[in-house]
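Peer 1: Quick check, what structure comes out for this input:
(one chain, ligands or ions: 2)
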Amino acid sequence: MNNFTFYNPVKILFGKGQISAISKEIPAGAHVMVTYGGGSIKQNGVYDQVMEALKGFQVSEFGGIEPNPHYETLMKAVALAKEKKVDFFLAVGGGSVIDGTKFIVAAMAYEGEDPWDIMAKREPVTRAAPFGAVLTLPATGSEMNSGAVINRVSIKEKLSFGSPHTFPKFSVLDPETTFTLPVRQISNGVADAFSHVLEQYLTYPVNAPLQDRFAEAILLTLKEEGPKAVQNPQDYDTMANFMWAATMALNGVIRVGVPTDWATHYIAHELTALHGIDHARTLGIVFPALLRYKSETKKEKLLQYGERIWNVTSGTEDERLEATIQATIAFFESLDIKTRLSDYEVGEDTIHTIISRFEQRGVKDLGERADIQIQDVKEILLLSL
Ligand code: NZQ
Ligand code: ZN
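Peer 2: Numbering: from 1, shown residues only. Ligands and ions are numbered 1, 2, ... in the order given. The predicted structure follows:
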């Protein structure tokens, strides 16, 4: 097992009715800015529950944060929050609202010229305003991690950042808030969380059986509960299990002491930036191609994954590898997530665009072995056509 340090300070308030408990988590006398998306929280009663819980605090709000949150919009929130002297933020929504709020709190305290440099130049975040979250879409794990992905539409760039200062102080996970999710977002959430586990598990063995089995437990839970969630999004127990599995998939627990990949996410973000394809769907395109391209160097873990998750036990090694990749594709497709670029009418010209952007950005050494170079990215994307 590799050396590691593990730090996760996020307090989780899990279960029905927990929104009412947030007032105890926010400093008395705080001026709270509630951030949210396009309005789903006003239709499903979550907004009303939050406002009820915030009685007694001074409250401002900022709505309209888009899916794949726009830097341009978030900068408006920063200006408004500074003007109103906001000192606590409450993100209410899915990963985009929570990520957007992480950027807002980091940008509030940023002393350089343009907070975009937090992503573009990897400028360190040294301070940030405190914030909490009320999660309404199990998927990203943003509610219990310190990362965020921000989209600058004017230049079609989608870049990430993370800092020990951008963990939420607390997150409410009330499965009832997910009951209004459209099927497409549930499928996306299952596929995103499943991919998060694969990025941290499908690498190479370092004799870390506990991390492997934690990862496999999350994969099996998503495999079982995911299809049920799509079928019956108002079943409390199903949504509770899905919600906690998605949080556990990316809160740092399964990452400790093991190599991680993340090349699929890095490449896939380009497809959202260039074509607006949902994050999870871009993973469905890139992951199978990457696994096929890297099946030799990922062989041991792929075979273990095939056997323990998909019951692939017979055939030659090559046959088992292929059957495992096919089972993964079938899982994505069963969630109605298409797995080829052509399914989204994206062609080879996009691959050329991504390659030239990566050349400009100086991208190199992706993957758990730092052996995926720009030429390999091209081969992977060609396999996904
Ligand atoms: O905007 P509203 O009206 O709220 O509607 C949203 C949005 O249209 C809707 N929705 C959310 N909760 C709902 C609901 N509709 C009905 N009922 C509810 N309870 O769902 C739509 C999508 O929301 P969004 O927040 O964009 O989805 P998701 O949670 O999948 O987040 C995706 C973003 O997270 C980033 C992605 O790149 C993408 O930008 N990621 C963040 C990560 C992190 N911070 O660790 C890791 C991930 O890999 C990912 O990259
Ligand atoms: Zn993801």
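Peer 1: Identify the residues contacting residue 135.
Peer 2: The contact partners of residue 135, by C-beta atoms under 8 Å, 6 or more residues apart in numbering, come to 93-94, 98, 143, 171-173, 177, 243, 247. (Each C-beta comes from the backbone N, C-alpha and C, glycine too.)
Peer 1: got the residues you listed as JSON lines, with neighbour count columns?
Peer 2: What follows is the contacts of residue 135, written out as JSON lines (neighbours: other C-beta atoms under 10 Å):
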{"residue": "93", "neighbour count": "28"}
{"residue": "94", "neighbour count": "26"}
{"residue": "98", "neighbour count": "31"}
{"residue": "143", "neighbour count": "30"}
{"residue": "171", "neighbour count": "26"}
{"residue": "172", "neighbour count": "30"}
{"residue": "173", "neighbour count": "24"}
{"residue": "177", "neighbour count": "28"}
{"residue": "243", "neighbour count": "27"}
{"residue": "247", "neighbour count": "26"}
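Peer 1: Just give the number of residues close to residue 109.
Peer 2: Residues near residue 109, counting by other C-beta atoms under 10 Å, number 13.
Peer 1: Skipping its backbone neighbours, what lies nearest it in space?
Peer 2: In space, not counting the residues next to it along the chain, residue 109 is nearest to residue 127; the distance is 4.1 Å by C-beta to C-beta, 6 or more residues apart in numbering.
Peer 1: tally of neighbours for the one you found?
Peer 2: Neighbour tally, residue 127, other C-beta under 10 Å: 12.
Peer 1: what's the helix or strand for it?
Peer 2: Assessed by DSSP states H and E, residue 127 sits outside every helix and strand.
Peer 1: Assess the claim that it and residue 164 are in contact.
Peer 2: No. Residue 127 is not in contact with residue 164 according to C-beta atoms under 8 Å; the separation is 10.8 Å.
Peer 1: before we move on, the earlier item: which one of the contacts of residue 135 is nearest ligand 1?
Peer 2: residue 94 (2.5 Å; C-beta to the nearest ligand atom).
Peer 1: Let me see the contact set for that closest one.
Peer 2: Counting by C-beta under 8 Å, 6+ apart, residue 94 makes contact with 37, 67, 135-137, 139-140, 185.
Peer 1: got it, and residue 245?
Peer 2: Per C-beta under 8 Å, 6+ apart, neighbours of residue 245: 138, 193, 218, 221-222, 225.
Peer 1: element containing it?
Peer 2: helix 236-249.
Peer 1: tell me the mean pLDDT for the helix or strand just after that helix?
Peer 2: Per DSSP H and E, the first helix or strand lying C-terminal to helix 236-249 is helix 263-275. For helix 263-275, mean pLDDT is 97.
Peer 1: I'd say residue 293 and residue 376 touch.
Peer 2: Yes. Counting by C-beta under 8 Å, residue 376 is a contact partner of residue 293 at 7.0 Å.
Peer 1: Give me the more crowded residue out of the two.
Peer 2: More neighbours surround residue 293 than the other of residue 293 and residue 376, with 20 against 17 (other C-beta under 10 Å).
Peer 1: Helix, strand, or coil at the residue nearest to residue 44 when sequence neighbours are not counted?
Peer 2: Leaving out its chain neighbours, the residue that sits closest to residue 44 by C-beta to C-beta, 6+ apart is residue 180, at 4.1 Å. Under DSSP: H, G, I helix; E, B strand; the rest coil, residue 180 falls in the coil class.
Peer 1: For residue 180, give its distance to residue 66.
Peer 2: The gap separating residue 180 from residue 66 is 19 Å, by C-beta to C-beta, to the nearest Å.
Peer 1: Close to ligand 1: what parts of this structure are there?
Peer 2: Counting by C-beta under 6 Å from any ligand atom, the residues of the chain close to ligand 1 are 37-41, 44, 67-68, 93-97, 99, 136-137, 139-142, 145, 147-149, 177-178, 180-181, 185, 188, 192, 250, 265, 279.
Peer 1: Quick check on those: which are buried?
Peer 2: For the residues of the chain next to ligand 1, a neighbour count by 16 or more other C-beta atoms under 10 Å gives the buried set as 37, 40-41, 44, 67-68, 93-97, 99, 136-137, 139-142, 145, 147-149, 177-178, 180-181, 185, 188, 192, 250, 265, 279.
Peer 1: and residue 321, that one's in a helix?
Peer 2: Yes. Residue 321 forms part of a helix when assessed by three-state DSSP.
Peer 1: number of nearby residues for it?
Peer 2: Other residues near residue 321 number 21, with proximity taken as other C-beta under 10 Å.
Peer 1: So for this protein, the centremost residue is which one?
Peer 2: residue 140 (2.9 Å; C-alpha atoms, centre = their mean).
Peer 1: tell me the secondary structure for it?
Peer 2: Taking three-state DSSP, the label given to residue 140 is coil.
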